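**Q** this one's sequence-less:
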DNA sequence: AACTTAATGTTGCAATTGCAACATTAATGA
DNA sequence: TCATTAATGTTGCAATTGCAACATTAAGTT
């Protein structure tokens, strides 16, 4: 995964963080970031731990918008957090850095040679995010649960380079990701097993085609 | 819409374009960019005209991936074009600039004060693209055609600030965008009209709720 | 270990949808 | 203008799906 401070030494990292008025924060497990801060105009970086961006819509549904691990970048620049519907939850104790992103645009830092490197890194990260979204759209565009599953498996298998893949999340979360009813998905997976298309043992799935 | 050369004067624009080994191209109407060039590692900018990125999948389906108007930015940085499945078609005579995007990452241009501005602009554009994708995902995640339509209308109405909105594309394309069967969508729109939810006259839609 | 909560599996049934086939209207171009 | 192509509208029907309700198993907590 691309890292925001790739090719920037510790000293210059420090300078950038100071320049951008960033702050360090430690989120205890299960705590929502917005119970600690109120602004959403930041660019966040996960230093250690895991976060989850969760949306609670008006009808009480809870959806995972994004899973964030070490080095992941988040914030309104990527996902609109500008609404009380969103929570940023620490899945375990998590250390983050928050950068005031208005400052990214306000000033001209071109005199600092390392700042350009930083911008290039950020660019790569955003490109990855777009790719991620495109992939999900590609999947959501399929018309049947089976085709969504197959597209998703294909993508994972390609990423891993094998016909055996490990789901990065639970079946409940997978159903969410594919935007289908969990029970209907469970049924479809059963059919696919019965037809010999796939083998499943817990989160390991083997493609037989 | 954000523009790649916002706040950069013509002279510096020229310098950037030279620095990045960009080239000018004019695409005649209905011509596919990839019949003219073969590389896909460019960052494209539409100067005048209209482009459409179209995907032809293995089963012969043709989908519009993206509509690009004046000042729009495109390329593999945003949509993966690395496959013969994709076409970049000019809907009318279109003038574009192609920038070799490997050069964006390879060199350090921080000594050029305007380059930083350019990177900031690019950042904003990518942020917009992510937002666009997030919006579509939000819509595709709805489980019924009606809810997809309502979410889409809501979004458009919000953008326009009125309860009357103009579809930016045809119903056939809308069905594509929502990833539903056109006929089924047409039926659902009929029901919504009958129930007094909306009024439709050609591409103008009025929300009655 | 005992308890609680979350995840998974299963199924009947009604609602929604895709598909196919066709009619009608609008847009395009020679 | 006339012809051709594209877009839209309509509907029956079968397939797919969401929903609800419940059983079972796994995971997490004290």
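**A** The structure has been received and is ready for your questions. Values in this document were obtained by computation on a predicted structure and should not be read as measured data.
**Q** how many neighbours does the residue nearest to residue A:5 when sequence neighbours are not counted have?
**A** Leaving aside its chain neighbours, residue A:5 sits nearest to residue A:13 (5.0 Å; criterion: Cβ to Cβ, 6 or more residues apart in numbering or on different chains). C-betas here are computed from N, CA, C, even on glycine. Burial of residue A:13 is recorded as 15 neighbouring residues (other Cβ atoms under 10 Å in any protein chain shown).
**Q** separation between residue A:143 and DNA strand D?
**A** Taking Cβ to the nearest atom of the strand, to the nearest Å as the measure, residue A:143 falls 6 Å from DNA strand D.
**Q** isn't there a helix covering that residue?
**A** No. If the criterion is DSSP: H, G, I helix; E, B strand; the rest coil, then residue A:143 is coil and not within a helix.
**Q** Leaving out chain neighbours, which residue sits closest to it?
**A** residue B:179 (7.0 Å).
**Q** where does chain A come near chain B, residue by residue?
**A** For chain A, the contact set with chain B under Cβ under 8 Å from any Cβ of the partner chain comprises A:63, A:77-80, A:104-105, A:108-110, A:112-113, A:115-117, A:119-120, A:122-124, A:126-127, A:129-131, A:133-134, A:136-137, A:140-143, A:179, A:181.
**Q** Can you select the buried ones among the residues you listed for me in ChimeraX?
**A** Applying 16 or more other Cβ atoms under 10 Å in any protein chain shown to the residues of chain A next to chain B, the buried members can be selected in ChimeraX as follows:
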select /A:63,77,78,79,80,104,109,110,112,115,116,117,119,120,122,123,124,126,127,129,130,131,133,134,136,140,141,142,179
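**Q** From the residues of chain A next to chain B, which land in strands?
**A** Members of these lying in strands (criterion: DSSP state E): residue A:63.
**Q** quick one on the thing from earlier: so which strand or helix has the residue nearest to residue A:5?
**A** For residue A:13, the element it lies in under DSSP states H and E is helix A:10-19.
**Q** Contacts for that helix next, please.
**A** A:5, A:8, A:97, A:99, A:103, A:109, A:112, A:114-115, A:118 (Cβ atoms under 8 Å, 6 or more residues apart in numbering or on different chains).
**Q** what sits against the residue nearest to residue A:143?
**A** A:140-143, B:140.
**Q** phi, psi of it?
**A** phi 60, psi 50 (degrees, to the nearest 10).
**Q** how distant is the least confident helix or strand in chain A by mean pLDDT from the center of its chain?
**A** Least confident helix or strand of chain A, by mean pLDDT, DSSP states H and E, is helix A:102-106 with a mean of 81. For helix A:102-106, the distance from its own C-alpha centre to the chain's C-alpha centre is 23 Å (Cα atoms, centre = their mean, to the nearest Å).
**Q** Touching, residue A:99 and residue A:5? I think so.
**A** No. The pair residue A:99 / residue A:5 is not scored as a contact, 11.5 Å apart, by Cβ atoms under 8 Å.
**Q** out of those two, which sits in the busier spot?
**A** Neighbours per residue, other Cβ under 10 Å: of residue A:99 and residue A:5, the larger number sits with residue A:99, 23 against 18.
**Q** Which helix or strand contains that one?
**A** strand A:94-100.
**Q** re earlier: and the helix holding residue A:13 with strand A:94-100, angle?
**A** 60 degrees (axes from the mean of the first three to the mean of the last three Cα atoms, to 10 degrees).
**Q** in whichever helix or strand comes after helix A:10-19, what counts as buried?
**A** As assigned by DSSP H and E, the chain's next helix or strand after helix A:10-19 is strand A:23-27. For strand A:23-27, burial by neighbour count (16+ other Cβ under 10 Å) applies to residue A:27.
**Q** what's the angle from strand A:23-27 to strand A:94-100?
**A** Counting by the same axes, to 10 degrees, strand A:23-27 lies at 150 degrees to strand A:94-100.
**Q** Toward the C-terminus, what is the element adjacent to strand A:23-27?
**A** Next along from strand A:23-27, by DSSP H and E: strand A:42-48.
**Q** ok, and what's touching that next one?
**A** A:4, A:33, A:68-77, A:88, A:94-101, A:104, A:122.
**Q** now swap in stretch A:92-106 and tell me
**A** Stretch A:92-106 is contacted from outside by A:17, A:19-29, A:33, A:37, A:41-51, A:75-77, B:120, B:123-124, using Cβ under 8 Å, 6+ apart.
**Q** same check, this time on stretch A:147-154
**A** Here stretch A:147-154 makes contact (Cβ under 8 Å, 6+ apart) with A:138-140, A:142, A:165, A:174, A:177-178, A:180, A:185, A:188-189, A:192, A:198, A:205, A:207.
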